[in-house]
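Trainee: Let's see this in three dimensions:
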Amino acid sequence: MPEAAPYLLRTIETKDDATMASIIRTVMPEFGATGSGFAINDPEVDWMSRAYAQPRSAYFVVERDSKVIGGGGVAPLAGGDEGTCELRKMYFLPEARGVGAGAAMMDRCLRAAREFGFRQCYLETLRGMDAAMRLYERTGFRRLDAPLGATGHGGCNAFYLLDL
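Mentor: Model prediction:
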């Protein structure tokens, strides 16, 4: 009998908002993402469940032992065409790393993107987030030379796109 995954993926709920805000604000400085132009200062971080209740949007959390330890979502790319979504706010505490949660979250988010009818998925990140960048590249994302859309994440310096 196969061993159960050491975590659960589920849709974010209102009760998860404060925990996800804390995770995002804890993880981002770990990678030098501080100051303006980063999600750490994005007011959406405080009410993720409401932000991702919008059309063609979804946010999922990773839970282990009834504790939320990470999350990720998709939403239409601000300033982009209607066929492009953005992989957004995918962050994990250290205990969620290296157990397959990132790949499982990526699969879940991309499945949601396809279900919403998106044809491409875009993301922005920081050079130095090496494990995340390896995951993006293993998934089939290709590097872009410049950003797409109008995300407001002026601090990001690595851009990727995936044909769905």
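Trainee: Only C-alpha atoms from now on, for both contacts and neighbour counts.
Mentor: Will do.
Trainee: what's the closest non-adjacent residue to the residue positioned nearest the centre of the chain?
Mentor: Note on the chain: the residue nearest the mean C-alpha position is residue 90, at 2.5 Å, using C-alpha atoms, centre = their mean. Among residues not flanking residue 90 along the chain, residue 72 sits closest, at 3.8 Å (C-alpha to C-alpha, 6 or more residues apart in numbering).
Trainee: before we move on, back to that, SS state for the residue nearest to the centre of the chain?
Mentor: Classification of residue 90 by DSSP: H, G, I helix; E, B strand; the rest coil places it in strand.
Trainee: So what pairs up with the residue lying closest to residue 84 once chain neighbours are set aside in the strands?
Mentor: Using C-alpha to C-alpha, 6+ apart and skipping residues adjacent in sequence, the residue nearest residue 84 is residue 120, 4.7 Å away. Applying DSSP bridges to residue 120 gives these bridge partners: residue 84, residue 163.
Trainee: how much space between residue 120 and residue 80?
Mentor: Separation of residue 120 from residue 80 (C-alpha to C-alpha, to the nearest Å) stands at 11 Å.
Trainee: tell me which element residue 63 falls in.
Mentor: Assigned by DSSP states H and E, residue 63 belongs to strand 58-64.
Trainee: Now that strand: average pLDDT?
Mentor: The average pLDDT within strand 58-64 is 96.
Trainee: strands paired with that strand, and their directions?
Mentor: In the sheet, strand 58-64 lines up against strand 8-11 (antiparallel), strand 67-76 (antiparallel) (DSSP bridges).
Trainee: Contacts only, for the residue nearest to residue 90.
Mentor: Going by C-alpha atoms under 8 Å, 6 or more residues apart in numbering, residue 72 touches 59, 60, 61, 87, 88, 89, 90, 91, 105, 106, 109.
Trainee: Next, find the distance separating the fifth one from residue 6.
Mentor: When distance is defined by C-alpha to C-alpha, residue 88 is 23 Å away from residue 6.
Trainee: between the two, which one's more packed in?
Mentor: Neighbours per residue, other C-alpha atoms under 10 Å: of residue 88 and residue 6, the larger number sits with residue 88, 22 against 13.
Trainee: pretty sure the more buried one is touching residue 76, no?
Mentor: No - applying C-alpha atoms under 8 Å as the test, residue 88 and residue 76 come out as separate, 9.8 Å apart.
Trainee: What is the distance between the strand holding residue 63 and the centre of its chain?
Mentor: Offset of strand 58-64 from its chain centre (C-alpha atoms, centre = their mean, to the nearest Å): 10 Å.
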